[in-house]
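Enquirer: What follows is a protein structure lacking sequence information:
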Ligand code: NAD
Ligand code: UDP
C-alpha cells in the first residue's frame, strides 16, 4: 500500500485529496496546523483505515516515521483575504515549509507534488496562460506575499529536482470550488453563494468584467493525483479552461440559488488580475485529464453543501 503525506490536509483542497487518495488505496498522513483549515473537514475520514491526522506546523519541521512514497505539499493560506491577513505565515510556509516538505521527500526517495497557483502568472499579458509563460507579477504589491512565496516554492522545488534528483511535479492550480470551502473564506464563490442563500446583495469588486476559470474540486483533485502519479516533472496547469466574468458568475449564482438579490459594486483589490484562463494542452496530452463538471453543475453541488453547512452552523 503506497503511503502519502498531505500537508494542509485539513484544508479545502487537502481534505479532498486525502479522501481521493484513500479511495485509491493509499495510506494517508495529513499534516496541518489548522491555521486556515478546519478539523471538521476531516470528520468523514477520521474512522477510515489507513488515515492519520497530525496537528503540526510544517514551518517548524516535518518528520514522518515509516515509509513515505509521496509528499503533496498543500499547506498555505490560499484565499486573498486570508493571505493578506497572514503575510508572514504565507511567506514562511511557501519558503521554509516547502523546504521541509522537499527534505522529507528527498529523505524517503518519494515523489513530490507542489501546490502552486495560477497567481504565479500575476496579471497575465499572455492569454490563455501556458506553462511556458513567465508571468507578470508585482513583487512589492500586497499580493506578492502569496505570489512570490509560490514562485520561490517553484524555484526551490526545481532546484531539488536538478541538484538532488527529487521527483518534482508542480501543479499550477486555477480557481477551484466545492464543498468544504469555508463560508467565511472570502473567495468569490463562497462569498456569492453565502450572500445569495442569505438573501443579501452580491459584492462584485470593480466593474465585474475581470475573468476567472473555475474548476470543481472533484475534477481538480483527480487531475492533481494523475499528475502526482505520472512521470511528468516540472510545472503543469491543472484547472478548468471555461472562462467567465465575475458578473456572469454572479448571474449564475442567482439562478442556481434562486435568489433575486442585487449586485453591489465594491472597490477592486490592488493588483487583482484582469483575466485568467489555463491552457491545459499539457495536462490533456500527458495525463489524458480534463475537467468534466460544467460551472453550473459545480455551483449547484457547492450550493447544496453551503445550505447544509449554514444550517449546521445555525446561521441559515
Ligand atoms: P485552505 O486554506 O483551505 O487550506 C490550506 C491548509 O494549509 C489549511 O488547512 C491550513 O491550516 C494549512 N496550513 C497553512 N499553513 C500551515 C503550516 N505552516 N503548517 C501546516 N499546515 C498549514 O486552502 P486551499 O484552497 O485548500 O488551498 C490548498 C493549497 O492549494 C494551497 O497551497 C493553495 O495555495 C493552493 N491553491 C489553491 C487554489 C484554490 O482555488 N483552492 C488555487 C491555487 C492554489
Ligand atoms: N471578487 C468579487 N467579490 C467577492 C470576492 C471576490 O468580485 O466577494 C472578485 C475578485 O476581485 C477577483 C475574483 O472575484 O477578481 C476572484 O477572487 P477570489 O478571491 O476568489 O480569487 P483570486 O482569483 O483573486 O485569487
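Expert: Received the coordinates, thanks. Note that this is a predicted model, so its numbers are computed, not measured. Ligands and ions are numbered 1, 2, ... in the order given.
Enquirer: From ligand 1, how far off is the residue nearest to residue 48 when sequence neighbours are not counted?
Expert: The spatially closest residue to residue 48, leaving aside those adjacent along the chain, is residue 22, at 5.6 Å (CB to CB, 6 or more residues apart in numbering). (C-beta placed from N, C-alpha, C; glycine too.) Counting by CB to the nearest ligand atom, to the nearest Å, the gap from residue 22 to ligand 1 is 17 Å.
Enquirer: Is the helix or strand hosting residue 22 positioned near ligand 2?
Expert: Per DSSP states H and E: residue 22 is located in helix 12-23. No - judged by CB under 6 Å from any ligand atom, helix 12-23 stays clear of ligand 2, getting no closer than 12.0 Å.
Enquirer: Would you mind listing the buried residues in that helix?
Expert: 12-22 (16 or more other CB atoms under 10 Å).
Enquirer: will you turn those residues into a markdown table that also has pLDDT?
Expert: Shown next, in a markdown table, are the buried residues of helix 12-23 (pLDDT from 0 to 100):
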| residue | pLDDT |
| --- | --- |
| 12 | 98 |
| 13 | 98 |
| 14 | 98 |
| 15 | 98 |
| 16 | 98 |
| 17 | 98 |
| 18 | 98 |
| 19 | 98 |
| 20 | 98 |
| 21 | 98 |
| 22 | 98 |
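Enquirer: returning to what we had before: for the residue nearest to residue 48, give me its contacts.
Expert: 28, 45, 48, 50-51 (CB atoms under 8 Å, 6 or more residues apart in numbering).
Enquirer: All the helices of the stretch 1-150 of the chain, residue numbers only.
Expert: Applying DSSP state H, counting those that start in this stretch to the stretch 1-150 of the chain gives helices spanning 12-23, 80-85, 87-92, 98-108, 144-164.
Enquirer: Deepest-packed of those, please.
Expert: Comparing the helices of the stretch 1-150 of the chain by mean neighbour count (mean count of other CB atoms under 10 Å), helix 12-23 ranks first with a mean of 23.
Enquirer: about what we covered before: residue 259: which of the buried residues of helix 12-23 is nearest?
Expert: Of all these, residue 12 has the smallest distance to residue 259: 23.5 Å, by CB to CB.
Enquirer: Which residue, other than its chain neighbours, is closest to that closest one?
Expert: Excluding the flanking residues, the one nearest residue 12 by CB to CB, 6+ apart is residue 181, at 4.6 Å.
Enquirer: Now do the one you found against residue 78, distance only.
Expert: Per CB to CB, to the nearest Å, residue 181 is found 10 Å from residue 78.
Enquirer: Which neighbours do the two have in common?
Expert: In terms of CB under 8 Å, 6+ apart, residue 181 and residue 78 are both contacted by the residues residue 12.
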